[in-house]
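In: need coordinates for the below:
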Amino acid sequence: MKITASAILKRSARSLLPGLLCTIGLMSQMGCAQAVIPVYKYFVKNTYPHDPRAFTQGLLYKDGHLYESTGQNGQSSLRKVDLTSGRVLQREMLDANVFGEGITDVGDEIMALTWTSQTGYVFDQKSFKLKRKFAYKGEGWGLASDHKYVYMSDGSSAVRVLDPKTMKELRRFDVTAEGKPIDRLNELEMVDGQLFANVWGADVIARIDPANGKIVGWIDLTGLLPANQRGTDNPDAVLNGIAWDAHGKRLFVTGKLWPKLFEIELIRVEGR
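Out: The predicted model follows:
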């Protein structure tokens, strides 16, 4: 009997699934019900170097380069990075008293959040010159854009929908799985009409329908970079960072303080 890679992944997913749901707090909420939301594993297509000192908060791919935001007070920055080498080509430091968070692009501008300062920044993509600031209430975690709207996470189950010109909130929706809210939503990326979200502290990405907030898929990235390879004893060295090359249909992921960035292909292994 021929055993394919997808069959092996499907078999392993059945044993991993309870742990996956437990990790994100869904197992207890659903009473250990069998998963009905599709689960995806991954195939690593390429591995690239990543700055192991970068406390990655936001990631995006545009015009052949990666753009990355990093956090920590006094170390927060906006970067332009060469994908192949991982070399930082351009860098703009944020104010020393702010903790940088997620980024996204709209047109020729890059929007950036801060964690608790309730202040966002808008930079010129080419020069990294600060063009203006904007205010918001609460915490800032992740940003994504479909170029019609900007989507913002704040660590809860809510996603705010913003006007890309003014960055004012238009509405918000709760992200749910089988009717249960899922919080700790962090870095965001729009991927072919779906909103991908890191779940902070877990090797899991949620695939969200932005029309209704329902989770339509889980991406289980367990084992992508084992803990003993993350190059640090820092418990914050978690999965965080999603970038989508819309033209080349390439998906990139990394983590805070990770020495590697991965191009992955998703493989459905479980669920209806």
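
In: in which helix or strand does the residue nearest the centre of the chain reside?
Out: Centroid check for the chain by C-alpha atoms, centre = their mean gives residue 187 as the closest residue, at 3.3 Å. Per DSSP states H and E, residue 187 falls inside strand 185-191.

In: which residues touch the residue nearest to the centre of the chain?
Out: By C-beta atoms under 8 Å, 6 or more residues apart in numbering, the contact list for residue 187 reads 56-59, 102, 141-142, 153, 197-198, 240-242. Quick note: C-beta positions are derived from backbone N, CA and C, even for glycine.

In: do that again at 6 Å, thanks
Out: Going by C-beta atoms under 6 Å, 6 or more residues apart in numbering, residue 187 touches 102, 142, 198, 240-242.

In: do the same with residue 89
Out: Residue 89 touches 80, 82, counting by C-beta under 6 Å, 6+ apart.

In: quick one: it from residue 68, how far?
Out: Note on residue 89: its distance to residue 68, by C-beta to C-beta, to the nearest Å, is 11 Å.

In: same question for residue 255.
Out: 12 Å.

In: next: residue 176.
Out: Residue 176 is 30 Å from residue 68, by C-beta to C-beta.

In: which of the two has more residues huddled nearby?
Out: Neighbours per residue, other C-beta atoms under 10 Å: of residue 176 and residue 68, the larger number sits with residue 68, 25 against 15.

In: now the contacts of residue 187 in a markdown table, with neighbour count?
Out: Below are those laid out as a markdown table (neighbours: other C-beta atoms under 10 Å):
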| residue | neighbour count |
| --- | --- |
| 102 | 32 |
| 142 | 29 |
| 198 | 30 |
| 240 | 27 |
| 241 | 27 |
| 242 | 26 |
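
In: ok, the residues you listed vs residue 128, which is closest?
Out: Nearest to residue 128 among those: residue 102, at 16.6 Å, using C-beta to C-beta.

In: after the helix or strand that contains the closest one, next one along is what?
Out: According to DSSP H and E, residue 102 maps onto strand 100-106. Following strand 100-106 in sequence order, the next helix or strand is strand 109-114 (DSSP H and E).

In: now the helix or strand that that next one is followed by: buried residues?
Out: Of the helices and strands lying after strand 109-114 in sequence (DSSP H and E), the nearest is strand 119-124. Buried residues in strand 119-124, counted by 16 or more other C-beta atoms under 10 Å: 119-121, 123.

In: stretch 237-251 now?
Out: 237-245, 250-251.

In: ditto for stretch 45-64
Out: Buried, per 16+ other C-beta under 10 Å, within stretch 45-64: 48, 50-51, 54-62.

In: need the helices for the stretch 1-150 of the chain, in chain order.
Out: With helices called from DSSP state H, counting those that start in this stretch, the stretch 1-150 of the chain shows them at 5-23, 26-30.

In: quick one: strands adjacent to the strand holding residue 187?
Out: Its sheet considered, strand 185-191 pairs with strand 194-199 (antiparallel) by DSSP bridges.

In: in its sheet, what does the next helix or strand after the partner strand sit against?
Out: Downstream of strand 194-199, the first helix or strand assigned by DSSP H and E is strand 204-208. Applying DSSP bridges, strand 204-208 is found paired with strand 194-199 (antiparallel), strand 215-220 (antiparallel).

In: residue 42 is nearest to which of the ones you listed?
Out: Closest to residue 42 of the strands paired with strand 204-208 is strand 215-220 (C-beta to C-beta; 7.1 Å).

In: mind putting the contacts of residue 187 in a markdown table, pLDDT and distance to residue 265 included?
Out: Formatted as a markdown table, the contacts of residue 187 follow (pLDDT from 0 to 100; distance: C-beta to C-beta, whole Å):
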| residue | pLDDT | distance to residue 265 |
| --- | --- | --- |
| 102 | 95 | 24 |
| 142 | 96 | 23 |
| 198 | 95 | 18 |
| 240 | 95 | 20 |
| 241 | 95 | 17 |
| 242 | 97 | 14 |
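
In: thank you, goodbye.
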